[in-house]
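Engineer: Here you go, sequence then predicted model.
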Amino acid sequence: MSEYQHPGDAFATRAVHAGLETDPAYGAVAPAIYQSATFIQKRPGEYTAGYDYSRTANPTRDAAEAAIGSLEEGRAVTFASGLAAEHALITAVCSAGSHVILPKHLYGGTHRLVDKVLAQWGVTYTLVDQGDLDALERAIRPKTALIWVESPTNPMLDVVDIEAIVARKGNALVVVDNTFATPVNQLPLNQGVDFVVHSTTKYLAGHSDVIGGAVVTRNEELDQKLRFIQNAAGAIPGPFDCFLLQRGIRTLPLRMAQHARNARAVSEYLETAPGVTGVRWPGFSGMVAFRHPKSNELASRTRLFALAESLGAVESLIEVPHSMTHQATTGTDAAIPADFVRLSCGIEDPDDLVEDLRQAIESV
Ligand SMILES: *Cc1c(COP(=O)(O)O)cnc(C)c1O
């Protein structure tokens, strides 16, 4: 088999080719989907290319993992969702009594996972504003196993100084949720962090048709631990989902360029739009946020921006975190104001997106 192994190729080339090999059976150009639960053994314990059962390993999953690993410059382990990936990661590095530092503004599901599920098993946590490095350092305890970083943060879109956090991590490990930035814009493993996590549901797969997650690391021992949990707990992505994920990854650089172009056009318009304040766009990727007193009405009046949770796909989405994705944080330190609107700019024409927002804003 001629597996693609050219780590020196440029990012866009690796996005198209990494993980894929020339089909030895028929020469198919598109990758096969190995939709099989189990694999024939020639004699007991004698496997073909190491495959025996698809929870443990599957060729389509291996291909998607190789692609993500190539782009993030580490070794990737995939899961059935971003939260399954996060659960596996925290399980791999924490035990009863461990302490985790979470950012004050973070994906609501990550907060819920630690606060409602892992806390039952004796994991404790502290919420810290990631921009306040002294507060971060003060929050580190002897039992701090993991520092969670989101950059840009969800939904505030603040960009965090990852290297400054790594410099103060003490004995803790650092993970960056790279879902919003993607490896097109940010390679956290090159900044000294121990793990990258993704909700591959978002930009990596990019078409709102699959749920998935991944953890990437360069540390062989941690990689083995994650693979052990992937098999032992079994929250694996199916072969067809892995195929869709890889298909999305192949156009990631092109899509990210258009997402950014559209986000720039939309944020430039919003800066001058009536009633709009606090426009945020980190300068890359497709996520834009702003405030408007009639957030709920406005979000119900767009035509192209669909009112839905999630982000990072070809179609544009609008949401009000206070009423939708971040309800769980209401009344806590991490609460999001009710007038806060989040946009995920898709890859449509920028003029149409601006026009869609204009008619919604001018009609509320
Ligand atoms: C969506 C999301 C997750 C969770 O991923 P799922 O695939 O929905 O389980 C985690 N982190 C961020 C930043 C997300 O946007």
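Structural biologist: Now that the structure is in, tell me what you want to look at.

Engineer: residue ranges with poor pLDDT in the chain?
Structural biologist: Residues of the chain that meet the criterion pLDDT under 70 lie in 1-3, 328, 333-334.

Engineer: Spell out which parts of it neighbour the ligand.
Structural biologist: Contact residues, the chain versus the ligand (Cβ under 6 Å from any ligand atom): 81-83, 107, 109-110, 150, 154, 177, 179-180, 199, 201-202, 211, 213. Using the backbone N, CA and C atoms, a C-beta is placed for each residue, glycine as well.

Engineer: what's near enough to touch the residue in the stretch 251-364 of the chain positioned nearest to the ligand?
Structural biologist: With Cβ to the nearest ligand atom, the shortest gap between the stretch 251-364 of the chain and the ligand falls at Leu311, namely 6.1 Å. Residues touching Leu311, when contacts are defined by Cβ atoms under 8 Å, 6 or more residues apart in numbering, comprise Phe180, Lys202, Tyr203, Gly286, Met287, Leu317, Arg342, Ser344.

Engineer: Now the helix of greatest length in the chain - C-alpha only, CSV.
Structural biologist: As assigned by DSSP state H, the longest helix anywhere in the chain is helix 252-272. Coordinates of each C-alpha in helix 252-272 appear next as CSV, following Å, rounded to 0.1, in the frame of the first residue of the first chain:
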residue,chain,number,x,y,z
LEU,A,252,-10.7,23.2,5.0
PRO,A,253,-8.1,25.8,3.8
LEU,A,254,-10.5,27.0,1.1
ARG,A,255,-13.4,27.2,3.4
MET,A,256,-11.6,29.0,6.1
ALA,A,257,-10.4,31.7,3.7
GLN,A,258,-14.0,32.3,2.6
HIS,A,259,-15.4,32.2,6.2
ALA,A,260,-12.8,34.9,7.1
ARG,A,261,-13.7,37.0,4.1
ASN,A,262,-17.4,36.9,5.0
ALA,A,263,-16.8,37.5,8.6
ARG,A,264,-14.7,40.6,7.7
ALA,A,265,-17.5,42.0,5.5
VAL,A,266,-20.2,41.3,8.1
SER,A,267,-18.3,42.8,11.0
GLU,A,268,-17.5,45.9,8.9
TYR,A,269,-21.2,46.3,8.2
LEU,A,270,-22.1,45.7,11.8
GLU,A,271,-19.8,48.5,13.0
THR,A,272,-22.1,51.0,11.4
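
Engineer: Pull the number of nearby residues for Glu268.
Structural biologist: The number of residues packed around Glu268, counting by other Cβ atoms under 10 Å, is 13.

Engineer: out of the residues of the chain next to the ligand, which is most surrounded?
Structural biologist: For these, neighbours tallied by other Cβ under 10 Å; top is Ser199, 30 neighbours.

Engineer: Not counting residues beside it along the chain, what's closest to it?
Structural biologist: Excluding the flanking residues, the one nearest Ser199 by Cβ to Cβ, 6 or more residues apart in numbering is Gly82, at 2.8 Å.

Engineer: all helices for the stretch 151-300 of the chain, in order.
Structural biologist: Counting by DSSP state H, counting those that start in this stretch, the segments of the stretch 151-300 of the chain that form helices are 162-167, 182-185, 220-233, 239-249, 252-272, 295-299.

Engineer: which secondary structure elements does the first one contact?
Structural biologist: By that I understand helix 162-167. Where contact means 3 or more Cβ pairs under 8 Å, 6 or more residues apart in numbering; DSSP states H and E, helix 162-167 is packed against helix 133-139, strand 144-150, strand 173-177.

Engineer: Contacts for the second one, please.
Structural biologist: Identification of contacts with strand 144-150 by Cβ under 8 Å, 6+ apart yields 89-90, 93-94, 98-103, 105-107, 110, 130, 136, 140, 160, 162, 165, 169-177, 180, 188, 193.

Engineer: and if we set it to 6 Å?
Structural biologist: Contacts of strand 144-150 with the rest of the structure, by Cβ atoms under 6 Å, 6 or more residues apart in numbering, involve 93-94, 98-103, 106, 160, 165, 169, 172-177.

Engineer: how's this structure carved up into domains?
Structural biologist: Structural domains assigned to the chain are 11-249, 253-363, following automatic domain parsing.

Engineer: Just give me how far the last one sits from the chain centre.
Structural biologist: Relative to its chain's centre, domain 253-363 lies at 18 Å (Cα atoms, centre = their mean, to the nearest Å).

Engineer: tell me how far the ends of it are from each other?
Structural biologist: The separation between the terminal residues of domain 253-363, taken as Cα to Cα, to the nearest Å, is 36 Å.

Engineer: Repeat that for stretch 36-51.
Structural biologist: Using Cα to Cα, the span of stretch 36-51 from its first residue to its last is 11 Å.

Engineer: swap in stretch 176-193?
Structural biologist: This stretch, stretch 176-193, spans 7 Å end to end (Cα to Cα).

Engineer: How about the stretch 101-250 of the chain: which residue is closest to the ligand?
Structural biologist: Taking Cβ to the nearest ligand atom as the measure, the point where the stretch 101-250 of the chain comes nearest the ligand is Ser199, at 2.9 Å.

Engineer: and that residue, bridged to which residues?
Structural biologist: Taking DSSP bridges, one finds Gly213 as the beta-bridge partners of Ser199.
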